[in-house]
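[1] Give the three-dimensional model of this entry:
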Amino acid sequence: MCPSPLIIFVALLFILTGIPGREDIQVWISIPFCFIHVTSILGNSVILFIIKTDPILHEPMYIFLSMLAITDLDLGLSISSMPTTLAVFWFNTREISHDACFVQLFLLHSLTFTQSSVLLCMAFDRFVAIYNPLRYTSILTPARTAKMGLMSLLKGVILTFPLPILLKQHQYCKENILSHSYCLHQEVMKLACSDIRVNIIYGFFLTISSLGLDFLFILLSYVMILKTVLSIVSHKERLKALDTCISHVCVVLLYYMPAIFFSVIYRFGQSSSPLTQNVVGNVYSLILPLMNPIVYSVKTKSIRGRIIRMFIK
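    Next up, the predicted model:
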């Protein structure tokens, strides 16, 4: 007997659960989610506006910061958990087609890896500024800065491109329920009824080759920075050099610590509940876009001063 068109149509859909076991309070949970979402959009938009309108800030450090803000806006506005999550919470829109799900997870993962590369570029920027300040402008020229930004984007896109292709090869004959309010590679591949070893191996390679190596090079950059700072005779100059790195260090910790925890939970925390994985995923996608503009507004004097003047006017 041939399957009915309705069965075929349902088989081409994934069902998003929102927050498993908390369906009765999801409307109330959506209030802080929405507030954080809107605040992160406003914060990153202010950062972008200040950098764009102030020629003094057209330096590599602030260009990389604007790239970070753009990826935060893309993650928050177009493809991150929030639009889909709020649709699930408010309108009970739980169905998502396979193709739409694959596109969403591709964009989400590629921008996440792009952010990691941008943070590495910012670490290199701080290293050059402290290690060889006299040659800073000749090393980090506008053309070279643009190439570094473009390479960061291409790296994220190229490394992530195989993910939806690999997922599309599978048949999804098991249950089609995702224990999330948006699509992730780790979640979708579990629903396949065929061998997913290639997905597991490539996902692990992707995490190590992107997040792992970027984090390692950032650590090496700061080892060299500390070595250079300790060789400075003046205590005041040492503090001044370290102060230029505080914002970046805070954002690096905010980015990589949850990312490492998130990866460990998904790959090795088989006993962890779907609720735990869901909460960790939502916190990760919410907090980082919110904290980036806050950290740089508080810890970066030039950004902070311009924000104060803008609101006073």
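
[2] For the chain, just list every one of the helices.
    Ranges of helices within the chain are 5-11, 26-53, 60-74, 81-91, 98-131, 136-139, 142-160, 162-168, 185-188, 197-206, 213-230, 235-268, 274-299, 301-312, based on DSSP state H.

[3] list the buried ones in stretch 160-171?
    Buried positions in stretch 160-171, judged by neighbour count with 16 or more other Cβ atoms under 10 Å: Thr160, Leu163, Pro164, Leu166, Leu167, His170. Placement of C-beta: from N, CA and C, glycine included.

[4] what does stretch 170-179 give?
    His170, Tyr172, Asn176, Leu178, Ser179.

[5] need the contact list for Pro114.
    Careful, residue 114 is Thr and not Pro. Thr71, Ser152, Leu153, Lys155, Gly156, Val157 (Cβ atoms under 8 Å, 6 or more residues apart in numbering).

[6] Please repeat the previous calculation with a cut-off of 10 Å.
    67-68, 70-71, 74-75, 149, 152-157, 159-160, 210 (Cβ atoms under 10 Å, 6 or more residues apart in numbering).

[7] Now restrict these to buried residues only.
    67-68, 70-71, 74-75, 149, 152-153, 155-156, 159-160, 210.

[8] just the residues you listed now: which is nearest Leu119?
    Leu68 (7.4 Å; Cβ to Cβ).

[9] Can you give me the pLDDT of the nearest residue to the closest one once chain neighbours are set aside?
    Counting by Cβ to Cβ, 6 or more residues apart in numbering, Leu68 lies nearest to Val118, which is 5.2 Å off, once chain neighbours are set aside. According to the prediction, Val118 has pLDDT 93.

[10] got the contact list for the spatially most central residue of the chain?
    The chain has Thr112 as the residue nearest its centroid, 3.6 Å off, counting by Cα atoms, centre = their mean. Counting by Cβ under 10 Å, 6+ apart, Thr112 makes contact with Thr71, Leu75, Ser80, Gly156, Thr160, Ser210, Leu211, Tyr255, Ala259, Tyr284, Ser285, Leu288.

[11] so how far is Met257 from it?
    14 Å (Cβ to Cβ, to the nearest Å).

[12] As TSV, the helices of the chain with distance to Thr17 would be great.
    Listed next are the helices of the chain as TSV, based on distance: least, Cβ to Cβ, whole Å:
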stretch	distance to Thr17
helix 5-11	16
helix 26-53	10
helix 60-74	25
helix 81-91	8
helix 98-131	14
helix 136-139	50
helix 142-160	24
helix 162-168	19
helix 185-188	10
helix 197-206	21
helix 213-230	32
helix 235-268	16
helix 274-299	8
helix 301-312	39
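
[13] Cool, thanks, talk later.
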